[in-house]
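Trainee: A structural model of the following input is requested.
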Amino acid sequence: MRRLLLLIALVLSACDAPAPTSAPVPLAPVPSGPAMSPASAQAAFSRVSASLRPVAVNECQRRTSGMRCDFRIEVDPNPRAPVNAYQTVDKDGRPVIIFTRAMINSARNPDELAFVMGHEAAHHIRGHLARQQANAAAGAIVFAGLAGLTGGNASAIDAATQVGALVGSRTYSKDYELEADELGTLITYRAGYNPLIGAHFFSRIPDPGDRFLGTHPPNASRIQVVQRTAANLGLVQ
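Mentor: Residues are numbered from 1 along each chain as shown. As a prediction, the model looks like this:
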């Protein structure tokens, strides 16, 4: 039982232990000019949504079978929500991409909005949400079973279940992000935006490094995926 608790403690501590960050990767230069005002950013968000949504729908229909592809792109109603964009599904199973106002206002140009939007659409097309939920369920079952085999009581089994779900959900999390960056680059490009400019977003967010069980890969790895995918599309810096 003590060994199990020690394992749980080690796993939880490892989730927060950062590794050295990767070296920065040069990106395409950003077009000169002032950053967008909040009003311009909101207008750009509407234009980008209108341009990118049909591309995302087409990619989804072409690459999947039986998956809902009728994306909704919305703004989080909470005006104080922090910088964030995410993909989810509504109660009817329709895919939804949500941007907070802070996220929209933090974008320097429409290309960044398009890249983030394409990335979130790619998460749905690749089935990452369902795969992550399945991984979490499997991890919970395995850890709960181990706790039971070692004589754990109800409290210990519950704790092991939660840790197992955490470990399971993060097992392939970084791979999913890179997959979404790759497909997101393609969607961004086909929607008429420059993913090499859009990926400058990575240069302004904290680098998570290559943490064990981290949720996101190093920024440099993500930029390299964008550059490689863009080169395959014939887009040069």
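Trainee: May I ask you to name the longest helix in this protein?
Mentor: Assignment by DSSP state H gives helix 38-63 as the longest helix of the chain.
Trainee: Name the residues of that one that come out as buried.
Mentor: 41, 44-45, 48-49, 51-53, 55-57, 59-60 (16 or more other Cβ atoms under 10 Å). Where C-beta positions appear, they are placed from N, C-alpha and C, glycine not excepted.
Trainee: Output stretch 64-79 as CSV, restricted to C-alpha atoms.
Mentor: C-alpha atoms of stretch 64-79 as CSV (Å, rounded to 0.1, in the frame of the first residue of the first chain):
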residue,chain,number,x,y,z
THR,A,64,-13.7,11.0,-41.4
SER,A,65,-16.7,8.8,-41.7
GLY,A,66,-19.7,9.2,-39.4
MET,A,67,-18.3,12.1,-37.5
ARG,A,68,-20.2,15.4,-37.2
CYS,A,69,-18.4,18.1,-39.1
ASP,A,70,-20.9,21.0,-38.8
PHE,A,71,-18.6,23.2,-36.7
ARG,A,72,-19.8,26.1,-34.6
ILE,A,73,-17.3,28.8,-33.9
GLU,A,74,-18.2,31.0,-30.9
VAL,A,75,-16.9,33.5,-28.4
ASP,A,76,-16.9,32.6,-24.7
PRO,A,77,-19.7,34.7,-23.1
ASN,A,78,-17.5,35.3,-20.0
PRO,A,79,-15.7,38.7,-20.8
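Trainee: and residue 78, how many neighbours?
Mentor: 10 (other Cβ atoms under 10 Å).
Trainee: What does the pLDDT read for it?
Mentor: At residue 78, the model reports a pLDDT of 95.
Trainee: Can you name the residues that contact residue 94?
Mentor: With contacts defined as Cβ atoms under 8 Å, 6 or more residues apart in numbering, residue 94 is in contact with 68, 70-72.
Trainee: Now do the same for stretch 102-109: mean pLDDT, whole number.
Mentor: In this model, stretch 102-109 carries a mean pLDDT of 93.
Trainee: What of stretch 219-237?
Mentor: 87.
Trainee: Could I get the buried residue list for it?
Mentor: For stretch 219-237, a neighbour-count test (16+ other Cβ under 10 Å) marks 219-227, 229-230, 235 as buried.
Trainee: Which of the residues you listed fall in helices?
Mentor: Among those, DSSP H puts 219-227, 229-230 in helices.
Trainee: how about the strands of the chain, start to end?
Mentor: Along the chain, counting by DSSP state E, strands occupy 72-75, 85-89, 95-99.
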